[in-house]
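**Student:** What would the 3D arrangement of this be:
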Amino acid sequence: MFTEAFEDILRDQCTPGVVRSIEGGASPAMLWGAIADAGFLELLASEDAGGAGLPLADLFPILHLLGRYAVPLPIGESLAARALLPAGEVPAGMVTLAPAVRPAQGGGWICPNVPFGAIADHVIADDGESLLLFSCAQSTRQSTGIVHSLAASLKFGADAVPKKMPRHGDDARAFGAALYASMLSGALARAFEITLQYGNDRVQFGKAIGKFQAIQHQLAVMSELVAASRMAAEAAFQAEGNAPTLMVAAIAKGRTSEAVSECATVSHAVHGAIGVTEEYDLQLYTRRMHEWRVAHGSEQYWNNVVGEAVIASGQPVADFVRAVAQQ
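**Tutor:** Residues are numbered from 1 along each chain as shown. Purely as a prediction, here's the structure:
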């Protein structure tokens with residue numbers, strides 16, 4: 001029910017034209033308002049707090065849609081904030097999650113390469129002892145330099161005192177990985193659909209290029225990677241509590257990030273020159289795939305985390321994975 005209603009809003013309000021407009025500097029207020037006013041930001045909040053009390057497993061399709069529609073707002077992070085922060089402490093406006101935070105020389109804090117840092121109103125950072133809630137209005141935002149990217153590094157002066165919140169283990173870290181794994185699964189799926197359609201429509205030498213064996217092989221490999229990515233991302237949201245478990249989230253982010261390079265390569269190889277043009281929608285997804293691949297940890301980072309845990313467990317890999325899946 002929630003998924004269908006959410007997609008109806010995105011289909012109407014988050015068109016490729018709207019995405020391009022917000023990336024170009026237009027106000028995100030209309031799209032944000034359409035989602036917030038419909039109550040979708042409160043899906044994880046308890047019913048006592050006015051939310052839907054949605055089980056974690058039911059959140060995955062919502063996050064998957066964020067990737068499928070290339071939503072240019074921190075909707076997933078703002079949803080996660082309802083699970084990470086105490087009831088009544090979630091600020092109004094767009095909330096994002098910082099992948100890292102460190103003290104700045106001379107005082108203050110630096111949050112490097114924060115997804116949606118260019119437009120967010122607030123950012124949550126985990127310093128290993130507490131969750132730190134900053135107001136982005138007190139920050140200096142530094143662009144990544146990537147065209148149309150909404151990520152930015154945030155620097156807070158010594159006078160910007162964050163609100164400290166209780167930290168529940170690695171919940172914030174796990175949410176960041178699982179969230180971007182889910183969004184990646186959606187972007188990968190949409191890129192595959194666009195590529196498959198183009199292969200069926202584009203005619204060369206008297207037949208659709210999708211009928212050539214070499215193209216079919218590439219599309220088959222891409223479809224396998226897309227399916228595996230969705231399965232891994234969905235598995236990250238099968239935990240009993242209100243946050244993903246770290247190791248399953250690590251496996252999900254490693255799997256989905258690893259799929260990006262080959263899937264983006266196949267998409268653009270099948271499309272040829274048209275695939276990189278600004279007017280064609282494919283680039284909306286492949287740009288996000290490359291950016292989200294490294295957001296909250298690349299496959300190299302998370303595969304190292306998983307590998308170290310396997311070695312420490314002393315178990316065969318298959319037994320380790322089965323044990324993790326039951327957490």
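**Student:** longest helix of the protein?
**Tutor:** helix 171-201 (DSSP state H).
**Student:** Now that one: buried residues?
**Tutor:** 171-192, 194-196, 198-199 (16 or more other CB atoms under 10 Å). All C-beta atoms are positioned from the backbone trio N, CA, C, and that covers glycine.
**Student:** And stretch 305-323, by the same measure?
**Tutor:** 305-306, 309-310, 320-321.
**Student:** picking up where we left off before, same for the next helix or strand after the longest helix of the chain, what does it pack against?
**Tutor:** Downstream of helix 171-201, the first helix or strand assigned by DSSP states H and E is strand 203-204. Using 3 or more CB pairs under 8 Å, 6 or more residues apart in numbering; DSSP states H and E, no helix or strand is in contact with strand 203-204.
**Student:** which is the next helix or strand following strand 203-204?
**Tutor:** Following strand 203-204 in sequence order, the next helix or strand is strand 207-208 (DSSP H and E).
**Student:** what packs against that following strand?
**Tutor:** helix 171-201.
**Student:** From the contact counts, what lies against the host helix or strand of Val266?
**Tutor:** Secondary structure assignment for Val266, by DSSP H and E: helix 246-271. Contacts defined by 3+ CB pairs under 8 Å, 6+ apart place helix 246-271 against helix 171-201, helix 213-235, helix 282-294, helix 299-313, helix 317-325.
**Student:** coming back round to it: got a markdown table for the buried residues of stretch 305-323, with pLDDT too?
**Tutor:** Below are the buried residues of stretch 305-323 laid out as a markdown table (pLDDT from 0 to 100):
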| residue | pLDDT |
| --- | --- |
| Val305 | 96 |
| Val306 | 95 |
| Ala309 | 94 |
| Val310 | 94 |
| Phe320 | 88 |
| Val321 | 83 |
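**Student:** Closest to Ala228 out of those?
**Tutor:** The nearest member of the buried residues of stretch 305-323 to Ala228, counting by CB to CB, is Val321 at 13.7 Å.
**Student:** Let me see the contact set for that closest one.
**Tutor:** Going by CB atoms under 8 Å, 6 or more residues apart in numbering, Val321 touches Ile251.
**Student:** Out of the helices and strands packed on helix 246-271, which gets nearest to Phe134?
**Tutor:** That would be, of those and by CB to CB, helix 171-201, which comes in at 13.5 Å.
**Student:** Any idea how far that closest one is from the middle of the chain?
**Tutor:** Centroid separation for helix 171-201 versus its chain: 9 Å, with CA atoms, centre = their mean, to the nearest Å.
**Student:** tilt between it and helix 299-313?
**Tutor:** Helix 171-201 and helix 299-313 meet at an angle of 130 degrees, taking axes from the mean of the first three to the mean of the last three CA atoms, to 10 degrees as the criterion.
**Student:** tell me what helix 171-201 is packed against?
**Tutor:** Using 3+ CB pairs under 8 Å, 6+ apart: helix 171-201 touches helix 60-68, helix 75-84, strand 95-97, strand 122-126, strand 207-208, helix 213-235, helix 246-271, helix 282-294.
**Student:** Can you give me the distance of the residue nearest to the spatial centre of the chain to Arg293?
**Tutor:** Closest to where the C-alpha atoms of the chain average out (CA atoms, centre = their mean) is Tyr180, at 2.7 Å. Look at Tyr180 and Arg293: by CB to CB, to the nearest Å, they are 9 Å apart.
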